[in-house]
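**Q** Sequence below, structure please.
(one chain, ligands or ions: 1)
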Amino acid sequence: MPTLAGVLAHETREGELYDVLPDGRLRCYACGHCCPLPDGAVGVCKVRFNEAGRLRVPWGYVGGVQCDPIEKKPFFHAYPGARAYSFGMLGCDLHCGYCQNWVTSQALRDPAAMAPPLSATPEALVRDALRSKARVIVSTYNEPLITSEWAVAVFKEAKAAGLVTGFVSNGNGTPEVIAYLRPWVDLYKVDLKSFDDRHYRQLGGRLQPILDTIRRLHETGFWLEIVTLLIPGFNDSDDELKRLTGFVASVSPDIPWHVTAFHRDYKMTDPENTTAAMLIRAAAVARAAGLRYVYAGNLPGQVGDLEDTKCPTCSETLVARRGYVIRQVRLKAGNIKDTKDTKDTRDTNVVTRWECPSCATPIPGRWGTFRA
Ligand code: SF4
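**A** Here you go, the predicted structure:
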């Protein structure tokens, strides 16, 4: 019986994110591992490999698709209430013991993770997204960086059809992959798992490439939101949270930071589950560090107003949420641009600035049009 790795080796084409080194090995740039690959070698991700001097990369399948509320990704400052058509492939460059998507992400490392690939084309995925009335299409479930060529092929079709595009990623990027994605990816969520390099090494990565990627994503104009899953005893000390949120604020105090509750999953079953009080304490640390948009997730209805977007100047509630449900949006349109100069064919006009209706503070995000 063929192995999953054997099946996936055929679901490939030549990649675009690599160079040939002087000694003949290939250097892959799709993620921060930057694997040097001799002929026949497979990368840390186990899905990209050197075959006779060419880098083969995943192509032509999905590990799963689903239409989710965009709040589940989570993006809170982008198209509130929109449907986000979500697809993923298989494999990951990290191996987190608490992964909630381990069936797809660890499919090539863990025999218990049985996730067969389903044949797909970019055109069929986009047709399905439009049929599902999605406004946004997102590469998620496995680590999208390691399958960037496929995501870009899907997003080229998606953009031609007027969809917004997004990545839900661990942020272990490189300058090369960010430049490659920039024309095709609008929204980018980074899972900043810790601020301790030793912890990242336990998960199979390093902290520095992730910090560099966060800075570069912000500087190059992706809409960026950051999530930290708060794991008791792993990343929840005051000191680590102060340094982590201080770093995010140093990139920009306007980057939304989501602190979300851990529940025992996959191989990480020792820590206690995160409580609402723990999330509220972490949120207070983030605010003290200077972050203006701080959200607590995974415990709907238990975290006070930490699910809502508040005006950082006058504290007016601008977007009221409960879990993934939008209860109210009170943003006011500022500048409006005529669509004659834009490619957006869905809206009769494009609002380029949204603001607080009470004090006119601009609220950063890609708000687009939304169902209030
Ligand atoms: S995607 Fe990352 S882990 Fe996979 S081959 Fe490329 S550099 Fe290595």
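
**Q** residues near S250, how many?
**A** Using other C-beta atoms under 10 Å, the number of residues around S250 comes to 11. For the C-beta atoms, the positions are set from N, CA and C on the backbone; glycine is no exception.

**Q** Quick check: which helices or strands does the one helix or strand it maps to pack against?
**A** Taking DSSP states H and E as the definition, one finds S250 inside helix 238-251. Using 3 or more C-beta pairs under 8 Å, 6 or more residues apart in numbering; DSSP states H and E, the elements in contact with helix 238-251 are helix 207-219, helix 276-288.

**Q** Report the angle between that helix and helix 207-219.
**A** If you take axes from the mean of the first three to the mean of the last three C-alpha atoms, to 10 degrees, helix 238-251 sits at 30 degrees to helix 207-219.

**Q** possible to save the helices and strands packed on helix 238-251 as a markdown table with mean neighbour count?
**A** Output for the helices and strands packed on helix 238-251, formatted as a markdown table (neighbours: other C-beta atoms under 10 Å):
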| stretch | mean neighbour count |
| --- | --- |
| helix 207-219 | 19 |
| helix 276-288 | 18 |
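
**Q** export those to JSON lines and tack on distance to the ligand and mean pLDDT?
**A** As requested, the helices and strands packed on helix 238-251 are exported to JSON lines (distance: least, C-beta to the nearest ligand atom, whole Å; pLDDT from 0 to 100):
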{"stretch": "helix 207-219", "distance to the ligand": "10", "mean pLDDT": "98"}
{"stretch": "helix 276-288", "distance to the ligand": "30", "mean pLDDT": "98"}
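
**Q** Any chance of a markdown table for those helices, columns distance to V57?
**A** Shown next, in a markdown table, are these (distance: least, C-beta to C-beta, whole Å):
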| stretch | distance to V57 |
| --- | --- |
| helix 207-219 | 19 |
| helix 276-288 | 37 |
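
**Q** on that earlier part again, okay, the angle between the helix holding S250 and helix 276-288?
**A** Using the same axes, to 10 degrees: helix 238-251 against helix 276-288 is 40 degrees.

**Q** So which bits of helix 238-251 are buried?
**A** 240-241, 244-249, 251 (16 or more other C-beta atoms under 10 Å).

**Q** Next, format these as a markdown table and append distance to C35 and pLDDT.
**A** A markdown table is the format used below for the buried residues of helix 238-251 (distance: C-beta to C-beta, whole Å; pLDDT from 0 to 100):
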| residue | distance to C35 | pLDDT |
| --- | --- | --- |
| E240 | 29 | 97 |
| L241 | 32 | 98 |
| L244 | 27 | 98 |
| T245 | 32 | 98 |
| G246 | 32 | 98 |
| F247 | 27 | 98 |
| V248 | 28 | 98 |
| A249 | 33 | 98 |
| V251 | 27 | 98 |
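
**Q** Name the residues linked to A320 by a beta bridge.
**A** Beta-bridge partners recorded for A320 (DSSP bridges): Q328.

**Q** List the contacts of it.
**A** Residues near A320 by C-beta atoms under 8 Å, 6 or more residues apart in numbering: 307-308, 326-329.

**Q** Go again with 7 Å.
**A** A320 makes contacts with 308, 327-328, as judged by C-beta atoms under 7 Å, 6 or more residues apart in numbering.

**Q** Same question for A82.
**A** Per C-beta under 7 Å, 6+ apart, neighbours of A82: 70, 135-136.

**Q** can we see that at 8 Å?
**A** By C-beta under 8 Å, 6+ apart, A82 lies in contact with 69-70, 134-136, 164, 368, 370.

**Q** mind checking how far the residue in the stretch 1-150 of the chain that the ligand sits nearest to is from T361?
**A** For the stretch 1-150 of the chain and the ligand, the shortest gap (C-beta to the nearest ligand atom) falls at G43, measuring 2.1 Å. Separation of G43 from T361 (C-beta to C-beta, to the nearest Å) stands at 46 Å.

**Q** Pick out whichever of those two has more residues nearby.
**A** G43 (23 against 14).
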